[in-house]
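>>> Sequence and predicted model, in that order:
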Amino acid sequence: MKTRAYLDIETTGLSRSRAELTVVGIAIERPTAMGEEPLDLIQLVSPEIDEPGLYKSLESVDEIYTYNGSRFDLPFIKSSLQADLKTKFRHTDLMYHCWKRKLKGGLKSVERQLKIERNLTEVDGYQAVVLWWQYINHNDQNALKTLLEYNAEDVINLQHLRLKLSVD
């Protein structure tokens, strides 16, 4: 039985050369004898994000699932941490499975189209950057809490998306 992980990152911007990695969210399926697949949530938060910690978090994983991870998350991680997850793990980018089903747009748009629920509907990638700087510049713990909740919803909803798409 393979162990799946769902991965999503938060950054200070889109440029790998100028932006920084702020959060790496990982939700790992833990298959049980009952066939259930509960998720263990791991969130690495800057400055505690490093290559050894990332690999330790993923040590039991066979395959990583992302949304647009081929073009953003995995290259950003490689650039920031010199960790090439594509060489260590099988990777499935769910965005391409969505495209095959004519589901276009970002993750939040696809979630709406498939009726996948989200609590923090007002937070998006831009707002995630704002929350990070509120935390850094003002030690705003509520901003960090909201950012981590947003990231958790992203990785947890990746499992819902995989199941709705019937991707193995």
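Noted; the coordinates are in hand. Numbers count the residues shown, from 1 in each chain.
>>> you'd agree residue 53 is in a strand?
No. Counting by DSSP: H, G, I helix; E, B strand; the rest coil, residue 53 falls outside a strand, being helix.
>>> For this structure, which segments count as helices?
51-57, 74-81, 85-88, 94-100, 107-114, 125-138, 141-165 (DSSP state H).
>>> The third one - contacts with which helices or strands?
In this case it means helix 85-88. Packing partners of helix 85-88 (3 or more C-beta pairs under 8 Å, 6 or more residues apart in numbering; DSSP states H and E): helix 74-81. Placement of C-beta: from N, CA and C, glycine included.
>>> Then the second one?
Using 3+ C-beta pairs under 8 Å, 6+ apart as the contact test, the elements touching helix 74-81 are strand 4-11, strand 21-29, helix 51-57, helix 85-88.
>>> Would you list the strands that the longest one pairs with, along with their directions?
Partner strands for strand 21-29, per DSSP bridges, with pairing direction: strand 4-11 (antiparallel), strand 39-45 (antiparallel).
>>> residue ranges with poor pLDDT in this protein?
32-36 (pLDDT under 70).
>>> Tabulate the helices and strands packed on helix 74-81 in TSV, adding columns for mean neighbour count and distance to residue 111.
Output for the helices and strands packed on helix 74-81, formatted as TSV (neighbours: other C-beta atoms under 10 Å; distance: least, C-beta to C-beta, whole Å):
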stretch	mean neighbour count	distance to residue 111
strand 4-11	25	13
strand 21-29	23	15
helix 51-57	15	25
helix 85-88	14	24
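>>> Of all the ones you listed, which one is nearest residue 107?
Smallest distance to residue 107 across these (C-beta to C-beta): 8.2 Å, for strand 4-11.
>>> ok, residue 163 to residue 37 distance?
To residue 37, residue 163 is 9 Å away according to C-beta to C-beta, to the nearest Å.
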